[in-house]
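J.: Requesting a structural model of the entry that follows:
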Amino acid sequence: MPFHITPLADPEPSASSRRLAWLASGDDGVPLGSAFLRLFTREGQEHLAELQLAVHGAERRQGVGSRLLKAAVGAAKTERRRSVIAQAVQGSPADLFLAARGFRQVLALTYARLPLADVDRAAIDALLELPHPGYRLTEWEGTVPDALARSFADSRRAMDDMPMEGTDFGRVVWDVERVVAAAEAIARRGELLHTVAAVDADGSVVGFSELVVAGDGSGEGQHYGTAVLPEHRGKGLAHWMKAAAVRYALERHPRLSGLCTDTAESNKPMLAVNDSLGYLPTHKSVEYQLDL
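T.: Predicted coordinates:
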């Protein structure tokens with residue numbers, strides 16, 4: 001079947017990346033598939049590109065995906081990228097496609113969901129009442145308050161040793177500017193960002209848990225990240241913060257049906273936190289990497 005690959009331009013680069021895009025279409029102009037290549041531009045990730053590729057189910061096995069992949073990989077090489085990463089649901093056609101084309105599995109992720117209708121509110125309240133000597137929780141919506149901005153940005157290094165197994169993800173460098181830009185990007189999408197932070201006795205943020213909700217407060221909330229600085233781990237802070245996020249969702253957004261999260265299978269402590277709060281696994285995904 002004859003088809004064409006048309007390169008497209010992404011009109012809105014973000015503060016940390018820009019995208020290239022391609023559309024596959026038949027001679028009649030009907031779209032068959034697409035590919036997006038995100039080129040990270042922030043310090044510490046200039047070597048990395050992220051691929052999203054989709055082909056309509058009825059058009060598979062006709063070379064559309066392979067042609068789109070060739071265009072994207074060629075662009076990644078032109079942009080002098082070292083690695084291309086892509087994610088696929090375990091056992092899906094995308095999983096098989098990537099594995100057959102030189103990508104190697106570097107990370108396994110467990111996705112889980114907390115049905116809010118089934119949450120034991122008394123149990124959540126009891127968790128939040130447990131003492132954590134030397135620490136307190138604080139919460140905010142949207143951009144971090146000025147008084148906490150510096151230590152919140154510094155606390156992002158808690159993600160530096162997050163289990164990434166073999167992924168060539170690089171080291172994300174966070175500063176106040178990037179923290180603010182990330183919050184503003186979520187707001188521009190019409191979504192709501194809520195952050196719970198653990199603060200130590202000297203007033204510094206030592207851990208955080210972020211939750212993003214649709215602007216109308218309906219559907220599913222998405223956990224964006226929960227992390228604690230290494231020197232403050234082992235004190236139940238992640239469990240405490242995530243319980244506070246659950247309480248917030250119940251009180252502030254009664255139309256939410258559930259909260260979703262994804263965790264590396266090797267991150268046993270966070271998997272245990274999710275399990276103890278009632279999150280139920282929904283599926284597994286595989287992170288693939290092509291070394292250029």
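J.: so where is the stretch 1-150 of the chain shaky, pLDDT-wise?
T.: 1, 11, 15 (pLDDT under 70).
J.: Strands along that one, start to end?
T.: 3-9, 17-26, 31-40, 48-55, 83-89, 104-115, 135-141 (DSSP state E, counting those that start in this stretch).
J.: Which one of those strands lies nearest to residue 244?
T.: Closest approach to residue 244 among the strands of the stretch 1-150 of the chain is made by strand 135-141 (5.6 Å; Cβ to Cβ). Every C-beta, even on glycine, is put in place using the N, C-alpha and C of the backbone.
J.: What residues sit buried inside that closest one?
T.: Buried residues in strand 135-141, defined by neighbour count with 16 or more other Cβ atoms under 10 Å: 135, 137, 138.
J.: same thing with stretch 172-190?
T.: Buried residues in stretch 172-190, defined by neighbour count with 16+ other Cβ under 10 Å: 172, 174, 178, 179, 180, 182, 183, 186.
J.: Any chance you could list what contacts it?
T.: Residues from elsewhere that reach stretch 172-190 (Cβ atoms under 8 Å, 6 or more residues apart in numbering): 14-16, 42-45, 142-144, 149-150, 152-154, 156-157, 159-160, 192-193, 212, 214-215.
J.: Tell me which of these fall in helices.
T.: Residues of these located in helices (DSSP state H): 149, 150, 152, 153, 154.
J.: Out of those, which two are the most distant from each other?
T.: Taking Cβ to Cβ, no two of the ones in helices among the contacts of stretch 172-190 sit farther apart than 149 and 154, at 9.7 Å.
J.: circling back to that earlier point, out of the ones in helices among the contacts of stretch 172-190, who's the most crowded?
T.: Tallying neighbours with other Cβ atoms under 10 Å puts residue 152 at the head of these, with 21 neighbours.
J.: residues in contact with that one?
T.: Going by Cβ under 8 Å, 6+ apart, residue 152 touches 144, 179, 197, 205, 208.
J.: one more time with 10 Å
T.: Going by Cβ atoms under 10 Å, 6 or more residues apart in numbering, residue 152 touches 140, 144, 145, 174, 176, 179, 195, 197, 199, 204, 205, 208.
J.: Ok, residue 111 next?
T.: Residues in contact with residue 111 (Cβ under 10 Å, 6+ apart) are 89, 260, 261, 262, 263, 279, 281, 282, 283, 284, 285.
J.: how near is the last one to residue 110?
T.: When distances are taken as Cβ to Cβ, to the nearest Å, residue 285 and residue 110 turn out to be 8 Å apart.
J.: Need the overlap of contacts for the two.
T.: With Cβ under 10 Å, 6+ apart as the test, residue 285 and residue 110 both reach 90, 262.
J.: Who's the closest spatial neighbour of residue 279, skipping the chain neighbours?
T.: Distances taken as Cβ to Cβ, 6 or more residues apart in numbering put residue 112 closest to residue 279, at 3.9 Å, once the chain neighbours are dropped.
J.: Same question for residue 52.
T.: residue 36 (4.5 Å).
J.: wait, that neighbour sits on residue 21?
T.: Yes - Residue 36 lies in contact with residue 21 (Cβ atoms under 10 Å); the separation is 5.1 Å.
J.: Many thanks, have a good one.
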